[in-house]
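Asker: Got a predicted structure here, sequence first:
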Amino acid sequence: MKNLKISALLLALIASLGFSSQAQTFKRGDKILNAGIGLLYFGVYANAEFAIEDNIGIGPMVGYTHYSSGGLVGYGDYSYGQFRVGARGAYHLGDVLNLGDDSIDPYVAVGAGLLFDRNNYTYNTTTGNVTYATRTTIFINPRAGARFPLGNNLSGFGEVGWGASWVTAGVSFGF
């Protein structure tokens, strides 16, 4: 319920800022900082994107996801936390799709890096509690999304794909 309240607050904030007709094409030299929250599971996500060519950006990324079952009836308690750090590349599709509307910036992205995963599962059986602990692994993080203008150097964005959550929304700051 807390996640739903945070998501509703973020959407209300975005709606209250108002839209502008600022062009969103992603050109060489552009720099963007994205910060978002997961809408299906609690998660926070941030990345910086630097346009190395028109429509192509790269940069660092970081994210954290947490989930807790609060006790699955008949199955015990389960929770996990995932922290990921890595790099991300994005291709902005505005020129390819020729939408006729420069205010929307659709893109596809893929990130890669290290995932630090902590799973805790406790199941009360006659043999005792079973707990699964931590692991570190490499991840690949495919995503698709779009940015839309909210003001000068400020945009909203939405993404789908594996990351802080399967659905992420947030704000982008141009700098």
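Answerer: Yes, it's here.

Asker: Can you point out the buried residues in stretch 155-163?
Answerer: The neighbour-count criterion (16 or more other Cβ atoms under 10 Å) identifies Ser155, Gly156, Phe157, Gly158, Glu159, Gly161, Gly163 as the buried residues of stretch 155-163. Where you see a C-beta, it was placed from the backbone N, CA and C, and this is true even at glycine.

Asker: and of these, the nearest to Thr137?
Answerer: Using Cβ to Cβ, the shortest approach to Thr137 within the buried residues of stretch 155-163 belongs to Gly163, at 15.2 Å.

Asker: tell me the secondary structure for the closest one?
Answerer: Classification of Gly163 by DSSP: H, G, I helix; E, B strand; the rest coil places it in coil.

Asker: Which parts of the chain are strands?
Answerer: Secondary structure of the chain, counting by DSSP state E: strands at 31-38, 42-53, 56-68, 77-92, 105-122, 134-151, 154-161, 167-174.

Asker: wait, which of these is closest to Leu99?
Answerer: Each of those has some distance to Leu99 by Cβ to Cβ; the shortest is strand 105-122, at 7.6 Å.

Asker: Listing partners with orientation, what would you give for that closest one?
Answerer: Sheet pairing of strand 105-122 (DSSP bridges) gives strand 77-92 (antiparallel), strand 134-151 (antiparallel).

Asker: quick revisit: with the buried residues of stretch 155-163 in mind, which one is nearest to Arg88?
Answerer: Gly163 (9.5 Å).

Asker: can you pull the contacts of the closest one?
Answerer: Gly163 makes contact with Gly38, Gly43, Tyr45, Gly63, Thr65, Arg84, Gly111, Asn141, Arg143, according to Cβ atoms under 8 Å, 6 or more residues apart in numbering.

Asker: try Glu49
Answerer: Contacts of Glu49 (Cβ under 8 Å, 6+ apart): Asp30, Lys31, Ile32, Leu33, Asn34, Gly57, Ile58, Gly59, Arg88, Ala90.
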